[in-house]
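K.L.:
Please work out how this folds:
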Amino acid sequence: MRIGELAERTGTSTRALRYYEQHGLLAARRTSNGYREYDETDLRLVREIRSLLEIGFNLEDTRPFVECLRSGRASGAECPGSIEVLGRKLADLDGCIARLQAARALVERELAHAIEQELETPS
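P.N.:
The predicted model follows:
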């Protein structure tokens, strides 16, 4: 398939596909007239990249998943490099959740205090 079809089937742009290629995540074969040509494996790789980007991974973080799929694994998350990235991302998310919970608690206290002050203030 050509780049336009791959873009359409993966819900991305041709520009993004060229970007993935520049970063070595996607390797297009060229036809005799210079057109990029892709196959079902490339389709799978792009879908993996897109799904990881959508949940907050950066482009470089997708590399171990792509390499894992290229090695013939059924899932991009089955290799040591992918497992390491997943662990790091989980730790990052846990940190974000903790910071958000602390911020929420502060806002909740401030709101309760403000309501209390409002009730004590004569009209």
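K.L.:
measure the residue nearest to the spatial centre of the chain to residue 62 for me?
P.N.:
Centroid-nearest residue in the chain: residue 53, 1.9 Å away (criterion: Cα atoms, centre = their mean). In this view, residue 53 and residue 62 are 7 Å apart by Cβ to Cβ, to the nearest Å. C-beta coordinates here come from the backbone N, C-alpha and C atoms, glycine included.
K.L.:
if we can go back for a sec, what does the helix or strand hosting the residue nearest to the centre of the chain contact?
P.N.:
Assignment of secondary structure by DSSP states H and E places residue 53 within helix 40-54. By Cβ atoms under 8 Å, 6 or more residues apart in numbering, the surrounding residues in contact with helix 40-54 are 1, 6, 9-12, 17, 20, 25-28, 59, 61-62, 65-66, 69-70, 76.
K.L.:
Now list the buried members of those residues.
P.N.:
Neighbour counting with 16 or more other Cβ atoms under 10 Å marks 6, 10, 12, 17, 20, 25-26, 28, 61-62, 65-66, 69, 76 as buried within the contacts of helix 40-54.
K.L.:
quick one: contacts for residue 105?
P.N.:
Going by Cβ under 8 Å, 6+ apart, residue 105 touches no other residue.
K.L.:
I am finished for the moment; much appreciated.
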